[in-house]
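Asks: generate coordinates for the sequence data below:
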Amino acid sequence: VAFLVCRSLEGLKTFSYLEELILDNNLLGNDLLLPRLPHLHTLTLNKNQISFQRNTCKILLDHLAEVVPSLQYLSLLGNMACPNELVCKEKDEDDYQRYRYFVLHKLTNLKFLDTRKVTRREREEALVRGAFMKVVKPKAA
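Replies: Model (predicted):
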């Protein structure tokens, strides 16, 4: 297990057998680049600066799918990308569920996302509609 407080993840490439990585509270954004970590199964990126701006979160999720193929647990709580009523009053449970479908569509091996186990129904819904589930909500008039 590695606990890092950093701005650069350059040194991670020497830990190719790393299985768990906690990068909470590091001001990391959508430009996060990890080296290939084929054994990494747990990644927490809580309370960073990851958002759904433009297509950057899609790019980040595609990057994670490529460099951490064994990823089973991911947590993005406390990021703007993870719509949560506790972080933003305008978000609700439907926003959070759409986010889950989108992430599960990109990271098909996940067993847990944030604090919840991935259900069979969620996995099926992610396969069918996940690509179209970016969290976008019109502003109230």
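Asks: for P83, helix, strand, or coil?
Replies: coil (DSSP: H, G, I helix; E, B strand; the rest coil).
Asks: test my guess that it contacts D95.
Replies: Yes - using C-beta atoms under 8 Å, P83 is in contact with D95, at 3.9 Å. C-beta here means a position set from N, CA and C on the backbone, and glycine is covered the same way.
Asks: higher neighbour count, the two?
Replies: Neighbours were counted for P83 and for D95 using other C-beta atoms under 10 Å; P83 has more, 22 against 19.
Asks: now the residue nearest the centre of the chain: closest residue in space that isn't a chain neighbour?
Replies: By C-alpha atoms, centre = their mean, the chain has its centre lying nearest to L76, at 4.9 Å. Spatial nearest neighbour of L76, chain neighbours left out: C82 (4.3 Å); criterion: C-beta to C-beta, 6 or more residues apart in numbering.
Asks: and that neighbour, what is it in contact with?
Replies: When contacts are counted by C-beta atoms under 8 Å, 6 or more residues apart in numbering, C82 touches I50, L76, Y96, Y99, D114.
Asks: got a markdown table for these, with distance to V67, secondary structure and pLDDT too?
Replies: Output for the contacts of C82, formatted as a markdown table (distance: C-beta to C-beta, whole Å; DSSP: H, G, I helix; E, B strand; the rest coil; pLDDT from 0 to 100):
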| residue | distance to V67 | secondary structure | pLDDT |
| --- | --- | --- | --- |
| I50 | 16 | coil | 91 |
| L76 | 16 | coil | 95 |
| Y96 | 26 | helix | 89 |
| Y99 | 21 | helix | 90 |
| D114 | 20 | coil | 95 |
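Asks: in what helix or strand does R129 lie?
Replies: According to DSSP states H and E, R129 maps onto helix 120-129.
Asks: next, the buried residues of that helix.
Replies: Within helix 120-129, the residues that count as buried by 16 or more other C-beta atoms under 10 Å are E122, R123, E125, A126.
Asks: ditto for stretch 48-68
Replies: The neighbour-count check on stretch 48-68 (16+ other C-beta under 10 Å) flags N48, Q49, I50, F52, T56, C57, K58, L60, L61, H63, L64, V68 as buried.
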